[in-house]
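Participant: got a predicted structure plus its sequence, pasted below:
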Amino acid sequence: MVEDNSNMPKTVFPGKAGLQQRVLPSYRTPFFDLLADRCQDGLSVFAGKPRAQEAILITDQLDAACYAPAGNIHLLNGPLYLCLQTGLKDWLNKWNPDVLILEANPRYLSNRQALTWMRERGRPVIGWGLGITAQGPLIRRVWPKFLKHFSALIAYSSWGAEQYQIAGFPAEDIFVAANAVAPPPPLRPRSPIKNRAPRVLFVGRLQTRKRVDLLLHACSDSQLAPELCIVGDGPARNEIEQLANRTYPSARFAGALQGTRLEKMFKWADLFVLPGTGGLALQEAMAHGLPVIAAEADGTQKDLVSPSNGWLVPPGDLDALTAVLRAALGNPEQLRIMGIASHRLVSEGANLDKMANTFIRALCTATGQGA
């Protein structure tokens, strides 16, 4: 497993790179443009549209990188979901990349075609993903066979890297790039929690696995009656709003926010809580100097949350979440100190610049360019 070095100088990949995504979320724009700036002959991103019910904010506007639209065909739903992307081979023929980065997910059926196209030309393919989140006998058979087609892997977290190693992928060909979405703005003093209720923030897609239901119940039992703002949209929004009306009617739903409107919410809050899966919003909250509470859900949280800046709680454990929320909100000075630590951790480690450096190192290593 190859760990990045925060003191490492910026590197450049001396070639042309291609990158496939199922969809192109708007929050990825800064990273892909930064990565394109470090690819000497350019970067093209191939991505399509999500299902309507997913409520993902997407973009087709990239500045430094090129955008190539995919025709996404969504098959089945839930655990059986599969995606077929039309136009992938045409994009490869036109862009002709020296190296290709694919989402390391066997559910994306077209990626096997891309692997074959690159292999026929003797060019490397790098997989990028969370790790192996599903379990079971079939998963244990499918993943090792799937991963062996990649020259290298980039994991979102050290936990994901460990999962790839367990599946038999060589540790020396695994790179860890902490998932980042926002550069840290200057740290500014927050409004003190004095003669007002503490403010709790959640940001993310409103779907069942985010476990916003636990956060609503925890706030209702916290005894401190915090102001709660839920930012985001998604297929479970109506269900979550109905639960809020029953359990915590003062909760505010702000919808999906971007840019300065989202930044205002990070500045408004005293504490960020991620009760289910996810990690990008967690990094963004830390970049804005917020202490955090996160469930140990998909493993990405362990690289971001430490006793210095927040708390990790067992997934699905309402009692644990409630107890930690009470302790956190009951100590405003501790929250202030933890927020400063969050900002420092992002500034020094989990940020876009370091993430881009790791990608460039993987590109250079996979192509034998050195870095």
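Facilitator: Here it is on my side, so go on.
Participant: against Cys83, how distant is Gly234?
Facilitator: From Gly234 across to Cys83, the span is 18 Å (C-beta to C-beta, to the nearest Å). C-betas here are computed from N, CA, C, even on glycine.
Participant: looking at these two, which is more packed in?
Facilitator: A direct count of neighbours by other C-beta atoms under 10 Å for Gly234 and Cys83 places Cys83 higher, at 22 against 18.
Participant: what residues are up against Gly42?
Facilitator: Gly42 is in contact with Lys16, Ala17, Ala36, Ala65, Cys66, counting by C-beta atoms under 8 Å, 6 or more residues apart in numbering.
Participant: could you redo the last one with a cut-off of 6 Å?
Facilitator: With contact taken as C-beta atoms under 6 Å, 6 or more residues apart in numbering, Gly42 is in contact with Lys16.
Participant: helix or strand for Asn230, which one?
Facilitator: Small correction: residue 230 is Ile, not Asn. Here Ile230 sits within strand 227-231, counting by DSSP states H and E.
Participant: what element comes up after that strand heading to the C-terminus?
Facilitator: That would be, after strand 227-231 and using DSSP H and E, helix 237-247.
Participant: from the contact counts, what lies against the next helix or strand after that next one?
Facilitator: Proceeding N to C from helix 237-247, the next assigned helix or strand is strand 252-255, under DSSP H and E. When contacts are defined as 3 or more C-beta pairs under 6 Å, 6 or more residues apart in numbering; DSSP states H and E, strand 252-255 packs onto strand 227-231.
Participant: try it again with 10 Å
Facilitator: When contacts are defined as 3 or more C-beta pairs under 10 Å, 6 or more residues apart in numbering; DSSP states H and E, strand 252-255 packs onto strand 199-203, strand 227-231, helix 237-247, helix 259-268.
Participant: for Gln40, which of these is the nearest?
Facilitator: Nearest to Gln40, of all the helices and strands packed on strand 252-255, is helix 259-268, at 30.6 Å by C-beta to C-beta.
Participant: list the buried residues of the longest helix seen in the chain.
Facilitator: If you go by DSSP state H, the chain has its longest helix at helix 332-348. Using 16 or more other C-beta atoms under 10 Å as the test for burial, helix 332-348 gives Pro332, Leu335, Arg336, Met338, Gly339, Ala341, Ser342, His343, Arg344, Leu345, Val346, Ser347.
Participant: same check on stretch 226-236?
Facilitator: Pro226, Glu227, Leu228, Cys229, Ile230, Val231, Gly232, Asp233, Gly234, Ala236.
Participant: got phi/psi on Trp52?
Facilitator: Trp isn't right for residue 52; it's Ala. Note on Ala52: backbone dihedrals following degrees, to the nearest 10 are phi -60, psi -40.
Participant: ok, now Ile101?
Facilitator: phi -110, psi 120.
Participant: ok, it touching Arg123?
Facilitator: No - the pair Ile101 / Arg123 is not scored as a contact, 11.9 Å apart, by C-beta atoms under 10 Å.
Participant: so the two - more neighbours on which side?
Facilitator: A direct count of neighbours by other C-beta under 10 Å for Ile101 and Arg123 places Ile101 higher, at 26 against 19.
Participant: can you tell me the closest non-neighbouring residue to that one?
Facilitator: Of all residues beyond its chain neighbours, the one nearest Ile101 is Leu19 (4.4 Å), with distances taken as C-beta to C-beta, 6 or more residues apart in numbering.
Participant: so where is this protein shaky, pLDDT-wise?
Facilitator: The chain contains residues with pLDDT under 70 at 1-10, 134-139, 279, 298, 370-371.
Participant: farthest from the middle of it: give me that residue.
Facilitator: Largest separation from the mean C-alpha position in the chain: Asn195, at 35.8 Å (C-alpha atoms, centre = their mean).
Participant: and it, backbone torsions?
Facilitator: As for Asn195, its main-chain torsions (degrees, to the nearest 10) stand at phi 60, psi 30.
Participant: what's the spacing between it and Pro332?
Facilitator: On the measure of C-beta to C-beta, Asn195 and Pro332 end up 12 Å apart.
Participant: wait, Leu62 touches Asp33, no?
Facilitator: Yes - using C-beta under 10 Å, Leu62 is in contact with Asp33, at 6.0 Å.
Participant: overlap of the contact sets of those two?
Facilitator: Leu43, Val45 (C-beta atoms under 10 Å, 6 or more residues apart in numbering).
Participant: any idea how far the most centrally placed residue in the chain is from Tyr248?
Facilitator: Taking C-alpha atoms, centre = their mean, the centroid of the chain lies closest to Leu280, which sits 3.9 Å from it. Note on Leu280: its distance to Tyr248, by C-beta to C-beta, is 25 Å.
Participant: got it, and Gly160?
Facilitator: 33 Å.
Participant: the two: which is more packed in?
Facilitator: Ranked by neighbour count (other C-beta under 10 Å), Gly160 and Tyr248 place Gly160 first, with 27 against 19.
Participant: right, I'll call it a day here.
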